[in-house]
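Enquirer: following is a predicted model, sequence given first.
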Amino acid sequence: MTELFQLQAVDVYYGRVQALSGCTLRIQAGERLALVGSNGSGKSTLLRTLNGLVKPAAGSLQHDTRACQAMLFQRPYMLRVSVLRNVALGLWLAGVPWREAKAQALVALERVGLAHLATRNAKALSGGQQQRVALARAWALKPQVLLLDEPTASLDPSAKREVERLMAEFADAGMTLIFSSHNLGQVKRLAQRVIYLEQGRLVADLPTAAFFGGPVPAAAEAFLKGELA
């Protein structure tokens, strides 16, 4: 399998606050990897580091520069224009001519079941619909790697199921999926491998069945029992 990322003893700081400490990790193409841990454990920072948005203060990060990446944030940003233009703009910025970008954007919206809302102002959509627009915007770029930061946080059950369905379909088509989640049921459904982080340290790296079936490090066990603040 192709190795997409290799982190070796990576440290990341925000000012004087250390967000990642000695993080060593390898990620292969085609994996479905979930990042779990309490708030402030380093999940979002790790995703941003993998995406190149945050630079390590120490250690090394190597990645396959041939693999196109896209990242979805917990609260996707929508421009105050139509849904179609929100998706097409990403393609246009990537160098696709505007007319072709609009055509490809419509295909992407059809892919996530929102083509009928193409002319709607994106700001007027529900949270679940906006997240699906963000997925369409990412999928339109045909990334090999999709990074998602709490992709279903604050969504209602129906919207969560729809976003999960799309994530699973993208992964089934060969896309590498790396996502953070507090929803352990979601992790069980979507991930093949689980990374548990605590205070910026990578504490456990296990196949999903082994993570939930134990044994796991004591801190991870406390987290699974809901005993970790």
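Expert: Structure's in. What do you need?
Enquirer: check which residues of stretch 102-121 are buried.
Expert: Applying a neighbour-count criterion of 16 or more other Cβ atoms under 10 Å, one finds 102, 104-106, 108-109, 111-112, 114-115, 117-118 buried in stretch 102-121. In short, each C-beta sits where N, CA and C put it, glycine included.
Enquirer: ok, stretch 200-213 next?
Expert: Neighbour-count burial for stretch 200-213 [16+ other Cβ under 10 Å]: 200-206, 208, 211.
Enquirer: tell me which of those fall in helices.
Expert: 208, 211 (DSSP state H).
Enquirer: the buried residues of stretch 200-213: which two are farthest apart?
Expert: Gly200 and Thr208 (22.6 Å; Cβ to Cβ).
Enquirer: which residues does the longest helix seen in the chain contact?
Expert: For the chain, the longest helix by residue count, based on DSSP H, is helix 157-172. With Cβ atoms under 8 Å, 6 or more residues apart in numbering as the contact definition, helix 157-172 has outside contacts at 32, 112-113, 126-129, 131-132, 135, 139, 146, 148, 151-152, 155, 177, 179, 183, 186, 189-190.
Enquirer: dump the C-alpha coordinates for that helix into PDB.
Expert: Provided in PDB are the C-alpha atoms of helix 157-172 (Å, rounded to 0.1, in the frame of the first residue of the first chain):
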ATOM      1  CA  PRO A 157     -30.000  12.200  13.500                       C
ATOM      2  CA  SER A 158     -31.300  12.200   9.900                       C
ATOM      3  CA  ALA A 159     -28.600  14.600   8.700                       C
ATOM      4  CA  LYS A 160     -25.900  12.600  10.600                       C
ATOM      5  CA  ARG A 161     -27.000   9.400   8.800                       C
ATOM      6  CA  GLU A 162     -26.900  11.200   5.400                       C
ATOM      7  CA  VAL A 163     -23.400  12.600   6.000                       C
ATOM      8  CA  GLU A 164     -22.200   9.200   7.200                       C
ATOM      9  CA  ARG A 165     -23.600   7.500   4.200                       C
ATOM     10  CA  LEU A 166     -21.700   9.800   1.900                       C
ATOM     11  CA  MET A 167     -18.500   9.300   3.900                       C
ATOM     12  CA  ALA A 168     -18.900   5.600   3.600                       C
ATOM     13  CA  GLU A 169     -19.600   5.800  -0.200                       C
ATOM     14  CA  PHE A 170     -16.500   8.000  -0.700                       C
ATOM     15  CA  ALA A 171     -14.300   5.600   1.200                       C
ATOM     16  CA  ASP A 172     -15.800   2.600  -0.700                       C
END
